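Asks: all I have is the shape, not the residue letters:
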Ligand code: FES
Ligand code: FES
């Protein structure tokens, strides 16, 4: 059986959380493993490695993607944001505060993925806080602890508050 | 009373929805789960697992694998021969223990059982090696169907037992005279609850670090039960307990799946000692499906007898539980099926009860504890029977329950299986649910929404559970481990800050916050100033962990007991410093004040005078500010709830959607309502999974056909409605703190409520909902038959 020897490392250059990096990697390295083990940023979690749970969601060129379904070699020349990156984003302090207030996390394992998915939804500036739509957006991420009640409430609140703020401004 | 005394009001933190102290690390990606830890020179394990359900191993060929660069070794059972087998003893008579080799020796009994261990520099190479290893089997007939396995001794999974039944037990209470009575009515059915998987989003992970200098081992484990694992490893590996430290870091959910001992954690620990290297194994989702303890799979035949007025006369039940290939440690495989029969009579006054249970081994993955243990099945069966009885005499489902629920004034009440219910508001919860606006609303929706496109119906379920179980009762029948007590250590260091150390192991329950709330109220400090340590056997020497809705009750009770001892010590020193009597002192948010003078000190000054400053206090008062106490509630605390679900079934797709959900529950004193509601929400969501989606399927060759999250569906935000919760607080005066456990209730009540709601929606058809999950395929079959009849 032919084996991928994977002995030749290739070089990739990319931007992670605003910082330009260059790394040599084996071509078959999964992006999620690359982030967690080569870079050491373990905030991106892995729950299934087959694209269902959403725990590994990161932002790739402005769009949320599953890092378990991509190879690290594919990030060459691109921009990535992980949960460690959005921590620095003060605009999302309201979302984190709402997560605490509404108990939108228990074991916390799914939380990074949800924050990433929600942050990119919030970037679209939703006009209304529509529960049904929010549930649809969230259904690409799985949480086994919260029953989604707190997560949905947190998102509803953030959208409402942001829209009120805009009206008053 | 001294008139000059100031009146100071100590704020109460118990009962407040305090935001969790643990949240920040998760929200910033800074939590540390076991898989996040990597140690220099660490090696990784990849397991060669059986792909046959029941077979003899003829040979294992791994020469090619050894040639791969990065492969350190491939090990088989010979390399583990000094390890004891895994076995789970029990004091139950008629119980037969199973024996499992940590690495299978000559026979495998389920797909996924470990046959060989690849030690590799990293997982990628390890998985390359996996491709190069060949295992030759001599296939044996699989043992799949529990009914057949129970009656057929020709194909035995464990030859030494001589039967596939590892336990049979009967319960009988009262008489069977009612059968002769003229006015007796009955309803009955054969019910099935499918096998399921707990599915924590974090897969299991173990990392063992051997310290060459000291010979000490640290096992980082994604476990719910570090204390139990430490004790078991000490026995199996023959190492003193103080040389092994089991540390549960952040754990990404458990739900029972991380609440047993696994071969992988023994192997990881053993190899790190043998190879003197850090050894890690991280499960992937496929391995999780194959090897993390599964749940349920029961067939239950039951019959409820009642009179014309709907008063229950007797309950008869026959349970067959398929426990899988091995009896799991420490609970035994009897845990789940025995609890099904044990809890079958529910919170009802039923004078006669006759039950039987058989626990059967099959060549499927072992089962173990899962959120609710036994009660999701018991409640599903009984509550279906109750609704069927009500329908047969045209009685309203509330009325029939109200008529039969045990009245508070008759508590404590021993049900037919021997379980004793103590103080709990059975009827109160039911009444509250009926009188709620929620109920008016759903009736409204039900009446308005009647349309051609969907069927709509509501269902209720009422149940009781035993939580925070003390030493008088074993969590699992006949189990040799006492899980009835927990210890708390609380100390004040030289800077005056307070730490609490517990052997429980929070994995999402927010115990760092709730235990701080409890200690804060007792001592008079702010919860945020207390540091709670848990899940580390080097810090808390004895204690079993977090499972069976026990941590708030037993850990919380220990916190109170210990804090009271410490407070006394504080008051003694403070009285000297403030030149007053201990009774004239109040402590509020960390300020210790005399009630009759203006003097006060803070905790840093207090600690300084005890530990550092050698002048202020006489030597006998310089006793360390430390207390350690154990708490055992002796019996358990009865938690109860009524659930109401409103469901809609699409006539075209036969998809069931839960539209609205209410839980009316009594969990005693609520420590943190936000966290309690969160536990209820999460429990109900898993119960909805049980009711509608989650089904582990093995084919007739014993192959798992639902081994990923596409084939095995768990609820997403689109399948879960908003969940309302109302509380009743019934106290149990003997219990410190009056807390009751409530982490499992959601999963206990929801399957029954939803099954009843589906039955209500389809009440025009002559069908019975007696199998869960109610998925589209099941409804399709049922309706086809229903129309034909
Ligand atoms: S780990 Fe990538 S979707 Fe689950
Ligand atoms: S908080 Fe545990 S999986 Fe979401």
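Replies: That came through fine. In this text the structure is predicted, and so the values were computed from the model without any measurement. Ligands and ions are numbered 1, 2, ... in the order given.
Asks: show the subsequent helix or strand relative to the longest helix seen in chain B.
Replies: Longest among the helix segments of chain B by residue count, using DSSP state H, is helix B:556-578. Per DSSP states H and E, the first helix or strand lying C-terminal to helix B:556-578 is strand B:585-588.
Asks: quick one: buried residues of that following strand?
Replies: For strand B:585-588, burial by neighbour count (16 or more other C-beta atoms under 10 Å in any protein chain shown) applies to B:585-587. Using the backbone N, CA and C atoms, a C-beta is placed for each residue, glycine as well.
Asks: which one of these is nearest residue B:327?
Replies: residue B:587 (50.5 Å; C-beta to C-beta).
Asks: residue B:403 should be in a helix, yeah?
Replies: Yes: Residue B:403 forms part of a helix when assessed by DSSP: H, G, I helix; E, B strand; the rest coil.
Asks: and the gap between it and residue B:352?
Replies: Here residue B:403 is placed at a distance of 17 Å from residue B:352 (C-beta to C-beta, to the nearest Å).
Asks: and if you look at residue B:776?
Replies: Computed with C-beta to C-beta, the distance linking residue B:776 and residue B:352 is 39 Å.
Asks: who does the longest helix of chain B touch, helix- and strand-wise?
Replies: strand B:486-492, strand B:498-502, helix B:511-523, strand B:585-588, strand B:591-594, strand B:600-602, helix B:603-607, strand B:626-631 (3 or more C-beta pairs under 8 Å, 6 or more residues apart in numbering or on different chains; DSSP states H and E).
Asks: ok, now with 7 Å
Replies: Identification of packing neighbours for helix B:556-578 by 3 or more C-beta pairs under 7 Å, 6 or more residues apart in numbering or on different chains; DSSP states H and E yields strand B:486-492, helix B:511-523, strand B:585-588, strand B:600-602, helix B:603-607, strand B:626-631.
Asks: note down every partner strand of the third one and its orientation.
Replies: Take DSSP bridges as the rule and strand B:585-588 pairs in its sheet with strand B:591-594 (antiparallel).
Asks: how many neighbours does residue 51 have?
Replies: Reading this off chain A. Using other C-beta atoms under 10 Å in any protein chain shown, residue A:51 has 15 other residues around it.
Asks: chain B is the one I meant
Replies: Using other C-beta under 10 Å, residue B:51 is surrounded by 15 other residues.
Asks: how about the nearest residue to it, chain neighbours excluded?
Replies: Once flanking residues are discounted, residue B:51 sits nearest to residue B:111: 5.9 Å by C-beta to C-beta, 6 or more residues apart in numbering or on different chains.
Asks: for my notes, confirm residue B:261 occurs in a strand.
Replies: No: assignment of residue B:261 by three-state DSSP gives coil, placing it outside any strand.
Asks: quick check: it vs ligand 1, distance?
Replies: Residue B:261 sits 27 Å away from ligand 1, going by C-beta to the nearest ligand atom, to the nearest Å.
Asks: what's the answer for residue A:97, then?
Replies: Distance, residue A:97 to ligand 1, by C-beta to the nearest ligand atom: 27 Å.
Asks: can you tell me if the helix or strand harbouring that residue touches ligand 2.
Replies: Element membership for residue A:97 (DSSP H and E) is helix A:93-101. No: Helix A:93-101 stays clear of ligand 2 (C-beta under 6 Å from any ligand atom), getting no nearer than 10.2 Å.
Asks: and the residue of the stretch 551-700 of chain B found nearest ligand 2, how far from residue B:750?
Replies: Using C-beta to the nearest ligand atom, residue B:682 is the residue of the stretch 551-700 of chain B that sits closest to ligand 2, at 7.9 Å. Note on residue B:682: its distance to residue B:750, by C-beta to C-beta, is 11 Å.
Asks: ok, how many other residues are close to the residue in chain B positioned nearest to ligand 2?
Replies: Across chain B, no residue is closer to ligand 2 than residue B:201, which sits at 4.2 Å (C-beta to the nearest ligand atom). Counted with other C-beta under 10 Å, residues neighbouring residue B:201 total 27.
Asks: surely it is within a strand?
Replies: No: with three-state DSSP as the criterion, residue B:201 is assigned coil and is not in a strand.
Asks: would you mind measuring from it to residue A:48?
Replies: 8 Å.
Asks: then residue B:672?
Replies: Residue B:672 is 31 Å from residue A:48, by C-beta to C-beta.
Asks: any idea how far the closest residue to residue B:309 other than its chain neighbours lies from residue B:345?
Replies: Leaving aside its chain neighbours, residue B:309 sits nearest to residue B:403 (7.3 Å; criterion: C-beta to C-beta, 6+ apart). Separation of residue B:403 from residue B:345 (C-beta to C-beta): 15 Å.
Asks: cool, and residue B:640?
Replies: Distance from residue B:640 to residue B:345, by C-beta to C-beta: 14 Å.
Asks: for residue B:446, same thing?
Replies: 30 Å.
Asks: these two: which has the busier surroundings?
Replies: Neighbours were counted for residue B:446 and for residue B:345 using other C-beta under 10 Å; residue B:345 has more, 27 against 17.
Asks: picking up where we left off before, more crowded one of residue B:672 and residue A:48?
Replies: Between residue B:672 and residue A:48, counting by other C-beta under 10 Å, residue B:672 is the more crowded of the two (26 against 23).
Asks: tally of neighbours for the closest residue in space to that one that isn't next to it in sequence?
Replies: Spatially, and ignoring its direct neighbours in sequence, residue B:672 is nearest to residue B:514 (5.2 Å; C-beta to C-beta, 6+ apart). A count of nearby residues for residue B:514, using other C-beta under 10 Å, gives 28.
Asks: mind listing what residue B:514 touches?
Replies: B:552, B:671-672, B:675 (C-beta atoms under 7 Å, 6 or more residues apart in numbering or on different chains).
Asks: by neighbour count, which of those residues wins?
Replies: In terms of neighbours by other C-beta under 10 Å, the contacts of residue B:514 top out with residue B:552 at 35 neighbours.
Asks: grab the nearest non-local neighbour of that one.
Replies: With sequence-adjacent residues excluded and distances taken as C-beta to C-beta, 6+ apart, residue B:552 is closest to residue B:739, at 4.8 Å.
Asks: bridging residues for that neighbour?
Replies: residue B:668.
Asks: so where's the longest helix in chain A?
Replies: Secondary structure of chain A per DSSP H: the longest helix is helix A:149-168.
Asks: quick one, strands of the stretch 351-500 of chain B?
Replies: Secondary structure of the stretch 351-500 of chain B (DSSP state E, counting those that start in this stretch): strands located at B:352-361, B:413-414, B:420-421, B:454-467, B:486-492, B:498-502.
Asks: what does the pLDDT read for residue 61?
Replies: Using chain A here. Listed pLDDT for residue A:61 reads 95.
Asks: hmm, no, I was thinking of chain B.
Replies: In this model, residue B:61 is scored at 97, pLDDT.
Asks: neighbours of it, how many?
Replies: When neighbours are counted by other C-beta under 10 Å, residue B:61 registers 12.
Asks: hmm, it is touching residue B:134, no?
Replies: Yes: counting by C-beta atoms under 7 Å, residue B:61 touches residue B:134, with 4.3 Å between them.
Asks: low-scoring pLDDT stretches of the chain, where are they?
Replies: Picking chain A for this. Applying pLDDT under 70 to chain A flags the ranges A:1-6.
Asks: hmm, I had chain B in mind actually
Replies: B:1-8, B:785-789.
Asks: okay, now the domains of it?
Replies: Listed by automatic domain parsing, the domain ranges of chain B are B:3-31+B:485-631, B:35-140+B:204-282, B:295-472+B:634-788.
Asks: which stretch among those domains is buried most, on average?
Replies: Ranked by mean neighbour count under mean count of other C-beta atoms under 10 Å in any protein chain shown, the domains of chain B are led by domain B:295-472+B:634-788, which reaches a mean of 22.
Asks: can you show me the helices along chain A?
Replies: Using DSSP H, helices in chain A cover A:31-33, A:83-86, A:93-101, A:111-123, A:131-138, A:149-168.
Asks: let me have the ones you listed in TSV, extended by mean neighbour count and distance to residue B:23.
Replies: What follows is those, written out as TSV (neighbours: other C-beta atoms under 10 Å in any protein chain shown; distance: least, C-beta to C-beta, whole Å):
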stretch	mean neighbour count	distance to residue B:23
helix A:31-33	23	24
helix A:83-86	24	14
helix A:93-101	19	5
helix A:111-123	23	9
helix A:131-138	17	19
helix A:149-168	18	11
